[in-house]
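1. Need coordinates for the below:
(one chain, ligands or ions: 1)
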Amino acid sequence: MAKDQTKTKMRYYPALLGRHDMTAVMPALVRDVAFFNGIGGVVVGIWIYDKFRDFMAKTMAHNGREITNRKKFIDNDKSILIDPMTYILGSQYKNFIRKRAKIRAELPSNVLQYLLNLEEIHKNKTGGYEKGVFIENVIEWSKSSELTKAMIKLQKEGGATLLFSPYFTNFRSNFNAMLEANLEFAQQGINNVKRIENAKLGIVICIDKTILKDDDYEDRLRNLFTAYKEKLTNVDRFFLKIDGIDLNDKNEEYEKIRKMVEIANKVLEQSVFFLGIHEFGLILSLDGLEDFSSPMYSNLRIIRNKKGNRKASSVGRYVRPKDMERLKKDDIRYLPCSCIYCSAYSNVSQIPPREWNILRKEHWIWWLNDEIKQVTEADDSGLAQSLKDRFSRTTHRDWVGFI
Ligand SMILES: [Zn+2]
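-> The predicted model follows:
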């Protein structure tokens, strides 16, 4: 029971990681005041940041207010955080080498330019990058500040409020070497961002889920956070991330995730921001978590037909808020929700697949914002009880045990 006298200031940041997310979230953000006021900002994956920049640059009516540019968005106290997703950059580089023409067409122009620069720098080197992101690459990258500079430049161009230094996942198997490389990245970030750019800097501490499997995971996490805290100064915000968790899995390591936030807040001496945690973030508010993001709910999967062509599946699930059930479009006739988005449709079968994908994401944020409002407005003594009551009626009733 970690909740104390401090009232929670929890905020949700939709994570826009694909083009579908952008088309679903941004128009609603621009159109609806309640939607706009409900979020803390957006987390944008670096792979769509150029689309995001174009989008933000356009003049958009916002119920009487005008968002004319990125600055206005920030002036409205909404943050833009651009996740460098460095680990994907590594695998993209590998693909880029192999399937240059195809990748070229798909990559954002500035990311492509970065990969070309990277190739130029390393074209005379043997081994290494063609193999993808292995520990040797990470360590080598961490020694050169080229990667850090390029990633920070991309974020700046995208209009980020706070800049992230690049990061890779801390794995159990090569824990010490990876930690050292990540600390080096972070230090370069501080050198570049603080000394040259004079901007705010966030450090992402990303661990692989397997670390939570260790019996001594608490000690390991404490040591990890202590290393970040002691080696780095001048960090504006720490961000947590876990690779490989499945939040729809009832047996996921929820208790350990909760413990992780507790330890992080204590060791780092600030409220951390959790990237990619979705509605479990409501429980973490009891541990002082203030900000969290999640990818826009259950993206459509890309499947291949018999001819091998890529095609978006229509299995995107819709969350029924009352019990957190994930519903298939084919299984429901009416939408069990009265939010402004859902109430526009009388019959599910009439919703075209493309609009279905947008609607269920708008609905998801609307509903989560409403949940957060209830959390932030609950009095402290009643917060735990209200969360218990809430989750006991849902498919996540197991979470009640963590409250
Ligand atoms: Zn709805």
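
2. From now on I want contacts and neighbour counts done on CA atoms only, so please keep to that.
-> Will do.

3. Look up phi and psi at the closest residue to the ion within the stretch 101-250 of the chain.
-> The nearest approach of the stretch 101-250 of the chain to the ion comes at residue 248, 20.0 Å away (C-alpha to the ion). For residue 248, the backbone dihedrals are phi -90, psi 0 (criterion: degrees, to the nearest 10).

4. Got the confidence number for it?
-> According to the per-residue confidence, residue 248 scores 72 in pLDDT.

5. Using CSV, write down the CA coordinates of stretch 76-92.
-> Extracted in CSV, the C-alpha atoms of stretch 76-92 (Å, rounded to 0.1, in the frame of the first residue of the first chain):
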residue,chain,number,x,y,z
ASN,A,76,-1.5,24.1,-24.5
ASP,A,77,0.6,22.1,-22.0
LYS,A,78,0.6,19.0,-24.2
SER,A,79,3.9,17.3,-24.6
ILE,A,80,5.3,15.7,-27.8
LEU,A,81,7.7,12.9,-27.0
ILE,A,82,9.4,11.1,-29.9
ASP,A,83,10.5,7.7,-28.9
PRO,A,84,13.8,6.9,-30.8
MET,A,85,13.0,3.2,-30.7
THR,A,86,16.6,2.5,-31.2
TYR,A,87,16.3,-1.2,-31.2
ILE,A,88,14.1,-1.0,-34.3
LEU,A,89,16.6,1.2,-36.0
GLY,A,90,19.1,-1.6,-35.6
SER,A,91,16.9,-4.2,-37.2
GLN,A,92,15.9,-1.7,-39.9
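
6. Counting neighbours, which bits of the host helix or strand of residue 267 end up buried?
-> Element membership for residue 267 (DSSP states H and E) is helix 254-268. By neighbour count, with 16 or more other C-alpha atoms under 10 Å as the criterion, the buried positions of helix 254-268 are 254, 257, 258, 259, 260, 261, 262, 263, 264, 265, 267, 268.

7. With distance to the ion and pLDDT added, can I get those in CSV?
-> Formatted as CSV, the entries for the buried residues of helix 254-268 read as follows, by distance: C-alpha to the ion, whole Å; pLDDT from 0 to 100:
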residue, distance to the ion, pLDDT
254, 27, 90
257, 29, 94
258, 28, 94
259, 32, 95
260, 32, 96
261, 30, 95
262, 33, 94
263, 36, 96
264, 34, 96
265, 34, 94
267, 39, 97
268, 38, 96
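
8. These: which two are farthest apart?
-> For the buried residues of helix 254-268, the maximum inter-member distance is 20.9 Å, found between 254 and 268 (C-alpha to C-alpha).

9. can you give me the end-to-end distance of stretch 21-40?
-> 17 Å (C-alpha to C-alpha, to the nearest Å).

10. List the buried residues in that stretch.
-> 21-26, 28-31, 35-36, 38-40.

11. Stretch 343-359 too?
-> Using 16+ other C-alpha under 10 Å as the burial criterion, the residues of stretch 343-359 that qualify are 348, 353, 356, 357, 358, 359.

12. and which of these is nearest the ion?
-> Scanning the buried residues of stretch 343-359 for proximity to the ion, where the rule is C-alpha to the ion, the winner is residue 359, at 8.0 Å.

13. any idea how far residue 240 is from that closest one?
-> Look at residue 359 and residue 240: by C-alpha to C-alpha, they are 29 Å apart.

14. What is the helix or strand following the helix holding residue 267 packed up against?
-> If you walk from helix 254-268 toward the C-terminus, the next helix or strand you reach (DSSP H and E) is strand 273-274. With contacts defined as 3 or more C-alpha pairs under 8 Å, 6 or more residues apart in numbering; DSSP states H and E, the secondary structure elements packing on strand 273-274 are strand 237-243, strand 291-295.

15. The ion versus the closest residue to residue 281 other than its chain neighbours, what's the distance?
-> Leaving out its chain neighbours, the residue that sits closest to residue 281 by C-alpha to C-alpha, 6 or more residues apart in numbering is residue 292, at 6.5 Å. Relative to the ion, residue 292 is positioned 21 Å away (criterion: C-alpha to the ion, to the nearest Å).

16. before we move on, back to that, and the direction of the helix holding residue 267 versus that of strand 237-243, what angle?
-> Between the direction of helix 254-268 and that of strand 237-243, the angle (axes from the mean of the first three to the mean of the last three C-alpha atoms, to 10 degrees) works out to 150 degrees.

17. residues near the residue nearest to residue 281, how many?
-> Residues lying near residue 292 (other C-alpha atoms under 10 Å) number 28.

18. mind giving me JSON lines with the helices and strands packed on strand 273-274 and columns for mean pLDDT?
-> As requested, the helices and strands packed on strand 273-274 are exported to JSON lines (pLDDT from 0 to 100):
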{"stretch": "strand 237-243", "mean pLDDT": "94"}
{"stretch": "strand 291-295", "mean pLDDT": "89"}
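
19. Can you tell me which of these is packed in deepest?
-> Of all the helices and strands packed on strand 273-274, strand 291-295 has the most neighbours on average by mean count of other C-alpha atoms under 10 Å, namely a mean of 23.

20. correct me, but residue 268 touches residue 227?
-> No - counting by C-alpha atoms under 8 Å, no contact exists between residue 268 and residue 227, whose distance comes to 9.8 Å.

21. Now intersect the buried residues of stretch 343-359 with the helices, please.
-> Using DSSP state H to define helices, the subset of those located there is 353, 356, 357, 358, 359.

22. how about the fourth one, what does it touch?
-> Taking C-alpha atoms under 8 Å, 6 or more residues apart in numbering as the contact definition, residue 358 lies against 20, 21, 23, 24, 25.

23. Apply 7 Å and report the result again.
-> Applying C-alpha atoms under 7 Å, 6 or more residues apart in numbering, one finds that residue 358 lies in contact with residue 24.
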